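# Fold the following, please.
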Amino acid sequence: MTRVRFYRGRCGRVTGFSVIGHAGQAPAGEDIVCAGISAVAISAVNALESVAGIKASLHIGEGFLSVRRPKNLPPLKAHDARVILRTARRGLIDMAATYPQYMRVT
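The predicted model follows:
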């Protein structure tokens, strides 16, 4: 099972997320759940950097990804980061609703 955890700041706004584990829906290379999770997560990381111009804190390992936006961003960049992270959250929550036996979002 893949576990996705969203991090929130003091104001309750999403500040990042982590993804750990393999969904196990199909063999490696054929798992559409893992592929979907990876696509959403990597798209969010790429959007933070290339669209919003935000250098996020990123950690990647085998079956693990963690990203957090920097603290004290200027208001416009903070807004952009919020939109990107909320969009990723919505996509991953929707995916978890479709495949609850293979992924969980908290």
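
# what's the distance between the worst-scoring helix or strand of the chain on mean pLDDT and the middle of its chain?
In the chain, no helix or strand scores lower on mean pLDDT, DSSP states H and E than strand 57-61, which sits at a mean of 94. Strand 57-61 has its C-alpha centroid displaced from the chain centroid by 11 Å (C-alpha atoms, centre = their mean, to the nearest Å).

# State the mean pLDDT of the helix or strand following it.
Next helix or strand after strand 57-61 toward the C-terminus (DSSP states H and E): strand 64-68. Averaged across strand 64-68, pLDDT comes to 97.

# If we ignore the residues flanking it in sequence, what's nearest Gly9?
The shortest distance from Gly9 to any non-neighbouring residue, by C-beta to C-beta, 6 or more residues apart in numbering, is to Thr15 (4.7 Å). (Glycine included, C-beta is placed from N, CA and C.)

# follow-up on the earlier one: packing partners of the least confident helix or strand of the chain?
For strand 57-61, the packing partners by 3 or more C-beta pairs under 8 Å, 6 or more residues apart in numbering; DSSP states H and E come out as strand 64-68.

# hmm, back to that, the least confident helix or strand of the chain pairs with which strands, and in what direction?
Pairing partners of strand 57-61, with direction, according to DSSP bridges: strand 64-68 (antiparallel).

# List the buried residues in the following helix or strand past the strand it pairs with.
Downstream of strand 64-68, the next assigned helix or strand under DSSP H and E is helix 75-98. By 16 or more other C-beta atoms under 10 Å, the buried positions in helix 75-98 come out as 78, 80-82, 84-85, 88-89, 91-92, 95-96.

# what are the phi and psi values for the residue lying closest to Ala78 once chain neighbours are set aside?
Closest residue in space to Ala78, ignoring its immediate chain neighbours: Arg69 at 7.9 Å, by C-beta to C-beta, 6+ apart. Main-chain torsions, Arg69, degrees, to the nearest 10: phi -80, psi 150.
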